[in-house]
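J.: okay, sequence plus prediction incoming.
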Amino acid sequence: MTAAQKTVMLVEDNPHNRKIFSGMLAHAGFRVIEAEDGYQALEKVKTEKPDLILMDLSIPGVDGWEVTRRLKSLEHSKSIPIIALTAHAMRGDEERAIQAGCDGYLAKPISPKKVVEEVKRYLKM
């Protein structure tokens, strides 16, 4: 399975971060869908069916913690791996993210290359 056959949804409210991470993922061959807030993320998952979601936890509207809980409770999205990509890097934040339903946790700042490596690892590529 090549990266081109995989879709990654990037949920990130910061335009600069979206551009950097989307660019690296696209360069690695992934199809990238972007969502700027929790409402967009919830809607786009229904229509786009991503293979993996990179979730910023501090986003406008419905926050990433709640988006993750909702997606993991729904039949159509509960099996999609969700990796928290967040500046929440205090003690206990990773455990909170896992409890909310995240399958993985990456703390910012992080190199885009490392993000691509983690996406590939989670998608078993």
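T.: That came through fine. Residues are numbered from 1 along each chain as shown.

J.: remind me, longest helix of this protein?
T.: In the chain, assigned by DSSP state H, the helix with the most residues is helix 15-27.

J.: paired strands for the helix or strand that that one is followed by, with orientation please.
T.: Sequence order places strand 31-35 as the next helix or strand after helix 15-27, per DSSP states H and E. According to DSSP bridges, strand 31-35 forms sheet pairs with strand 7-11 (parallel).

J.: how about the residue nearest in space to the middle of the chain, what does it touch?
T.: Closest to where the C-alpha atoms of the chain average out (Cα atoms, centre = their mean) is Leu54, at 1.1 Å. Applying Cβ atoms under 8 Å, 6 or more residues apart in numbering, we find Leu54 in contact with 8-12, 21, 83, 85, 106, 115, 119. For glycine as for every other residue, the C-beta is placed from the backbone atoms N, C-alpha and C.

J.: what about Met24, distance to Ala100?
T.: Look at Met24 and Ala100: by Cβ to Cβ, to the nearest Å, they are 25 Å apart.
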